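1. only geometry, no sequence info:
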């Protein structure tokens, strides 16, 4: 029973660990949005999303201009520049980093942290919609019996993990809400 007591006493530190973990992931992923391969990689998600496709100039044409990770095809890069792929990716990266910082600052300021936690959860929820809108999240029918739902592709396996990010954001936000209520008494 001692371990139960210890775990209970460390709960607030575990909330802070969650904030730090969210911050690390957000800064890392947000920072990668400044690189061509990462901007190219999010195109199928953004282009197929009714919530985000308007950020691109020609979202329906993305399949003709896909680059593999690390691939440099000048014609495709030119299309991505004209499409707004890189500009959108830079802006999205900045937003993701800001959300990570807000969540981290919840360690010190509950009002800021609640905003970060809620935004983390909202961002994760938007990401999870890609499972519905993006065909590339499912294994394609290339002759195998294991395709479509429930067989997640590499992209789908990446997206489904945002359930954890959503839960973490909500836990951080709820902890900040509890701290705000206690401070107001």
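-> Perfect, thanks for sending it. Here the structure is a predicted model, which means the values were calculated and not measured. Residues are numbered from 1 along each chain as shown.
2. Please spell out the segments of the chain that come in under the pLDDT threshold.
-> Counting by pLDDT under 70, not a single residue of the chain qualifies.
3. Next, please give the residue ranges for the helices of it.
-> Using DSSP state H, the helices found in the chain span residues 2-9, 11-32, 36-41, 43-48, 74-83, 85-104, 110-128, 130-133, 154-160, 162-184.
4. Let me have these in CSV, extended by distance to residue 68 and mean neighbour count.
-> Just so you know, the C-beta spots here come from the backbone N, C-alpha and C atoms, and that holds for glycine as well. Below are the helices of the chain laid out as CSV (distance: least, C-beta to C-beta, whole Å; neighbours: other C-beta atoms under 10 Å):
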stretch, distance to residue 68, mean neighbour count
helix 2-9, 45, 8
helix 11-32, 16, 17
helix 36-41, 8, 19
helix 43-48, 12, 22
helix 74-83, 10, 15
helix 85-104, 15, 20
helix 110-128, 22, 20
helix 130-133, 19, 17
helix 154-160, 12, 16
helix 162-184, 23, 17
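5. how about those helices, which one is nearest residue 57?
-> Counting by C-beta to C-beta, residue 57 lies closest to helix 74-83 out of the helices of the chain; the figure is 5.1 Å.
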